[in-house]
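J.: Starting from these lines, generate the structure:
(chains A, B, C and D)
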Amino acid sequence: MAYEITLITSMAISVLFALSLNFITGFCGQISLGHAAFMGVGAYTTAAMMKAGVPFIATIPVAAVLAGCLGVLVGIASLRVRHDFLAITTMGVVFLFVGIVRQQDFLGGEIGISGIQASSFGRIGFMAFCLLLAAAFAVFSLVIKRSWMGFVFDSIADNEDVSRVLGIDVSKYKLIAFVVGTAAAGVAGSLYAQQFRFVGPDSFGFVESVSVLAMVIVGGIGSVWGVAVAAAGLSVMPLMIQFVDDYKILVYSALLFSMMRWAPDGLAGIVNRSVKRIRRRS
Amino acid sequence: MLYLELLLQGIVQGSIYALIALGLTLVYGLLRILHVAHAALFTLGAYLGVIVTNATGSLVLATAVSMVVTGVVGMAVYKLAYEPLLGKPPFIALIASIAMFIASEEIFRIIFGPYGLSYTNPPLQGYYEIFGGFYLKYGEMLVIGLSIVMLSILGWLSGNTRLGVSWRATVTDPSMARAFGINIQNVRYLNFFIGSALAAAAGVLVALLNNLVEPTMGSVASYKALAIIVLGGLGSIRGTLVAAMAIGIIESFGTIYLGHILGRDALAFAFLILVLMVRPQGLLGAK
Amino acid sequence: MTLKSKLLGAAISVGLMAAPAFAENVKIGFNVPLTGFAAADGESALNGAQLAVEQVNAAGGINGDMLELVVYDDQASPKEAVPIAQKLIEKDGVVAAVSGSYSGSTRAAAGIFQEAGVPYISAYAIHPDITRAGNYVFRTSFVGEVQGRAGAKLAGENLGLKRAVILTIKNDFGQSLAAGFKEAAAKFGVEVIGEYEYSIKDRQFGPIVSKIRSDNPDVIYATGYFFTAGPLVSQLRAAGITTTVIGQEGYDSQHYIEIAGPAAEGTIITTSLDRDSSAAETQDFIKTFEAKTGHKSDMVAASGHTAIKVLAAAMKVAGTTDKAAIRDAIAATNLVASTGTISFNALGEVQKSVQVQIVKDGNWHHFAVIDDAALLAPPTE
Amino acid sequence: MQPVLEVKNVTVRFGGVTAVDNASLTINRGDLIGFVGPNGAGKTTLMRVITGIVKPQEGEVLLEGRSLLGMSINQRIRAGLALAQQIVQPLRAMTLLENVALACGAAKTSNPLVAMRSFDRSAENQRAMELLTRVGLKDAAHSEPSKLPLGYLKRLEVARALALNPKLLLLDEPLAGLNQSEAQSLADLIKTLNADGLTILLIEHNLREVMRICPQVYVQELGRSLAFGPAKEIMARPDVIRAYLGGTVDA
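T.: Just a heads-up that it's a prediction; the model follows:
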């Protein structure tokens, strides 16, 4: 059973991570190519604190706060740049994060931190905990989407200049999206450190940032359930398709490309269109 | 003396970056797409260069073949992948492009093997002493020389021919260009051809300096070139050249004097972020 | 069929894979990077391991039972390695496993194998923490620091080169090698006059080459892999720098010589595989490997080969598939393998001599052996 | 009585070019002022100084005695300005009703902590429907903007601006791009809004409609205030006529 437990735990962590980016990119329209950096902050926080003897549970809020603080910094910086400039700036953030972590001896430098203690949850307990957090954030996302805050996010994602002309303090809302999204990514990082009991600088780089963005876009940008399904599926796909062995990354990338080429609105778009078609027929 | 040498090394690296990033700028200027898969064409160019050189013994022929074939492949990428995505939000094309790039690395690995290829008789190894203690490798001289020649030809073409003028017009204002009867589709094909051919040339040159082409050789180019065109101001050709040189030189000095604080990539991006905070529109970008 | 239904299909197939596997053969797990940046080493390691399995089976298997290698691609990533380790243990029911991968993934998997009480041997990953996972984890190659120390002795004592520049590849491999070199340098009168770092993605070393020329060292201790060292050394030589280059097992591949071409001549490395060894096992490996794959053997292939051979020998001694018995047999190993005579200390670290090879006429050849037991003592805890 | 808006001696230079040169303008409660001038007169620039896109080198802009300079656009809107832009910018992923309802919810959106706890949109939807009815878009309330003609979107801009309960409504060429009858009916709407008590500054090229509905005009030429007063009187002045004939002749 442990294998299934590991898979489900990985899925839950990926779902939380992808939903955290969805809050920023999907809801508020701020594209990020560097989201893994915030997961890294959370993961390193938990790893370093647990090494110092702090129990796992106590490290999670700290991870969230530190990731959120970095999120505010990046958020403030990102207020100055837009669209493609923002995308590349956030990409720079993740390279900078990895570059800095590599040089920190107290974070294990290139070697990373290993031998992180197991939590007191037990494996099934930890899986349940991850599922719970992912579900809680999904519900939170759905609530926000329905609220006036979600309404404002929609307008900012649509056209931030117009939002300003309607009297909306766009900067404030963007910062909130950044803080919430990055803090949640920090929590996902905490879980990651506990799941793999090992963190290293290469685990939170550009490739991971692109993968999580791919989850959000394949799911259907902004759609909570679409992103959750995509994250769950894509996170374990390389393991699922081990039978194609040598070709698995090729299969993965071909699928990703086909999705963008023929169904750019993601899983959510496919389902919405099918539902409409069925309704029209009946 | 050392500073001068490091500066020169920066220029060599900058020239390579410029050749790669230029194609990216051309695509961005025309289509507003961050064309990550451009780096795959750079790798393709390098593979073709080595394979043809090893088969024929002629580096010149190999470079020509590589540029032409890669240019045509670039046009095909536009036709098959980007054209259908033009009306969609820009990140769709970005993710599609990233997917193509990842797939390309796998295809190179599956076809040519994971170990990469080398020139059987590496051409142009050796160096020339310009003056007392100041050396330049043949390969590096070729990099700088060829970059200058190609960029000059490009500059001349765009300034002095009907083709070039319509091309620039399209980049500046597509709707206006259409009104003047310019066939935008042809301009786009031309754009992809030239950009991809330049990337192929860069690939051949890099293969020459390293004597190694490998499936993952485009990975650095894929993101560094994006950083460069953004630093230059997205869509500005002159900005791209300036940014490429700046990044090349910063990396050159940084590797030696700041390497123990921040790695090469992190340095380049730290510089990028700093510049964008002061000038959100990039070095030479229009506001 | 839409993408969504494909994904659903994939999810369902998890259930199918859960079906118990047929167990006639003795299964050995093997995690190895077949895709991604480490795919080249992965292919070598897999070839070496497969050769060992064929040889063991041709010689009658494990007391009559055939060995079967269960191979999964871990992309050298810890994230992939953890579920793979679990899959090997639970779904495939392997009696033991070998890592043909880098440190990150090996380290992450080691903990899982230890917890499950499944013997696990790291073929060539260098990170010291791997064997610290517990008593079921072994390593048939050198810890990074040990090999770094051997490099310092090679420079200072064997070659008498005192002013060294260190070039460190920025990952755990380079960092631990450089640390070992620096630790032992003073002892052999080697002075480190410059230290530079580069990334595993770098292939262009122009600035470093210029700086090395101005430093004018006696020796360059450059950590790296064949795909970084090849371009580095060819660029050094193309710039007219003839200083001796000392490398390590990362260079140990015919591909290094192909990439660097004539510039490779004279490169000296510390490694595990001695091409000119008089040991029959080593010579046999070199010959059969070339015959099987059509290209020359290297350290990674020999290490994969050695790890499987060590495991097979221990299983034969244990005479059962009981994992604790196999573990005990591995711990008591004293076997002549393709990479030398293998025995383990209390931590599961190998104790063997370091081979020094040099490139001569386009091939790796014997240069020296370093067998200073005190210097090469691996960590014991 | 305190003026609604005071523009005092505003000067804007771009590089060496002076776009607005010492311009002044006062708008009182209940005014409907037509802001006219030939091309290149600096109308747009002055408008942008009022909305905050352009920072003046000299001068002052006061809304009910409060300086606007140093405020961001959204703060100015909250302070009581509202803007209907020349180039229509609907939120394209939303229906017209949602476009207006969002603007109606200013009380909820001004504080994010309130926004995240508020879910009910019925009051805002109701008010948005009234406003859409008032500008004549009732039937299109549930349509998406991309499917509607320009005339509708111009009215949407006005409805969204009205939703903010502004002290001063800035209309930037609302009639541009519309045909004769569309322009006339929108101009009528503007006149009605003013008659209902709204203070309006109307930047407009369409002199005929301006003369028809605006009691007062403000004329700017080459960045300088040229004339300000009752429309008929001003437009009869020789210097104003010369400015127009010398510049581009407008319809």
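J.: if I look at C:Y120, how far off is C:R139?
T.: 10 Å (Cβ to Cβ, to the nearest Å). Where you see a C-beta, it was placed from the backbone N, CA and C, and this is true even at glycine.
J.: These two: which is more packed in?
T.: Set C:Y120 next to C:R139 and count neighbours by other Cβ atoms under 10 Å in any protein chain shown: C:Y120 wins out with 35 against 28.
J.: quick one, phi/psi of the more buried one?
T.: In terms of degrees, to the nearest 10, the main-chain angles of C:Y120 are phi -140, psi 130.
J.: now stretch D:200-208, how far from the chain's geometric center?
T.: Centroid separation for stretch D:200-208 versus its chain: 10 Å, with Cα atoms, centre = their mean, to the nearest Å.
J.: is chain A contacted by it?
T.: No: Stretch D:200-208 does not reach chain A (Cβ under 8 Å from any Cβ of the partner chain); its nearest approach is 15.4 Å.
J.: and stretch C:89-100, is it in reach of chain A?
T.: Yes: using Cβ under 8 Å from any Cβ, stretch C:89-100 reaches chain A at C:89-91.
J.: For that stretch, buried residues please.
T.: Applying a neighbour-count criterion of 16 or more other Cβ atoms under 10 Å in any protein chain shown, one finds C:89-92, C:94-100 buried in stretch C:89-100.
J.: What residue in chain A comes nearest to chain B?
T.: Of all residues in chain A, A:G99 sits closest to chain B, at 2.3 Å by Cβ to the nearest Cβ.
J.: Show me which residues of the stretch 51-200 of chain A are close to chain B?
T.: A:77, A:80-85, A:87-89, A:91-93, A:95-96, A:98-100, A:102-103.
J.: mind redoing it with 7 Å?
T.: A:77, A:80-81, A:84-85, A:87-89, A:91-92, A:95-96, A:98-100, A:102-103 (Cβ under 7 Å from any Cβ of the partner chain).
J.: what mean pLDDT does the lengthiest helix in chain D have?
T.: Ranked by residue count, the top helix of chain D under DSSP state H comes out as helix D:180-195. The average of the pLDDT scores along helix D:180-195 is 89.
J.: now what about the helix or strand just after it, what contacts it?
T.: Next helix or strand after helix D:180-195 toward the C-terminus (DSSP states H and E): strand D:200-203. The contact list for strand D:200-203 (Cβ atoms under 7 Å, 6 or more residues apart in numbering or on different chains) reads D:27, D:32-35, D:43, D:47, D:168-173, D:190, D:193-194, D:210, D:214.
J.: Now the closest residue to chain A within chain D: closest residue in space, sequence neighbours ignored.
T.: Among the residues of chain D, D:I77 lies closest to chain A, at 3.7 Å counting by Cβ to the nearest Cβ. Once flanking residues are discounted, D:I77 sits nearest to A:G167: 3.7 Å by Cβ to Cβ, 6 or more residues apart in numbering or on different chains.
J.: Quick one: classify the one you found as helix, strand or coil.
T.: Under DSSP: H, G, I helix; E, B strand; the rest coil, the three-state class of A:G167 is coil.
J.: circling back: ok, the residue of chain D closest to chain A - contacts?
T.: So D:I77 contacts A:165-167, D:164 (Cβ under 7 Å, 6+ apart).
J.: Which residue ranges of chain C form strands?
T.: With DSSP state E, the ranges of strands along chain C come out as C:26-32, C:67-73, C:96-99, C:120-122, C:137-139, C:163-169, C:191-198, C:219-222, C:244-247, C:268-271, C:335-337, C:340-342, C:354-360, C:363-370.
J.: Could you provide those strands in TSV, with additional columns for distance to A:R197 and mean pLDDT?
T.: What follows is the strands of chain C, written out as TSV (distance: least, Cβ to Cβ, whole Å; pLDDT from 0 to 100):
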stretch	distance to A:R197	mean pLDDT
strand C:26-32	17	94
strand C:67-73	20	93
strand C:96-99	17	96
strand C:120-122	15	96
strand C:137-139	14	95
strand C:163-169	26	94
strand C:191-198	28	93
strand C:219-222	33	96
strand C:244-247	33	95
strand C:268-271	31	94
strand C:335-337	31	91
strand C:340-342	29	90
strand C:354-360	32	94
strand C:363-370	35	93
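J.: how about those, which one is nearest A:F17?
T.: Nearest to A:F17 among these is strand C:67-73 (22.8 Å), distances taken as Cβ to Cβ.
J.: got a list of contacts for that closest one?
T.: Contacts with strand C:67-73, where a contact means Cβ under 7 Å, 6+ apart, come from A:242, A:245, A:248, C:25-35, C:46, C:49-50, C:53, C:56-57, C:61, C:84, C:87-88, C:92, C:94, C:312.
J.: could you show me where the strands are in the stretch 51-200 of chain D, in order?
T.: D:58-63, D:66-67, D:81-84, D:168-172, D:200-203 (DSSP state E, counting those that start in this stretch).
J.: Out of these, the one nearest D:P90 is which?
T.: Smallest distance to D:P90 across the strands of the stretch 51-200 of chain D (Cβ to Cβ): 11.6 Å, for strand D:81-84.
J.: Partner strands of that closest one, with direction?
T.: Using DSSP bridges, strand D:81-84 pairs in its sheet with strand D:168-172 (parallel).
J.: what comes up buried for the helix or strand bottoming out on mean pLDDT in chain D?
T.: Sorting the helices and strands of chain D by mean pLDDT, DSSP states H and E puts helix D:238-246 at the bottom, at a mean of 75. Within helix D:238-246, the residues scored as buried using 16+ other Cβ under 10 Å are D:240, D:243-244.
J.: Centre of the chain to that helix, how far?
T.: Taking Cα atoms, centre = their mean, one finds the center of helix D:238-246 at 25 Å from the center of the full chain.
J.: next one: stretch B:245-256
T.: With Cα atoms, centre = their mean, you get 17 Å for stretch B:245-256.
J.: what do you get for stretch A:200-213?
T.: 10 Å.
J.: close to chain C, is that stretch?
T.: Yes: applying Cβ under 7 Å from any Cβ, one finds stretch A:200-213 touching chain C at A:200, A:202-203.
J.: excluding its backbone neighbours, what's nearest the residue of chain A closest to chain B?
T.: B:A266 (2.3 Å).
J.: No further queries at this time; thank you.
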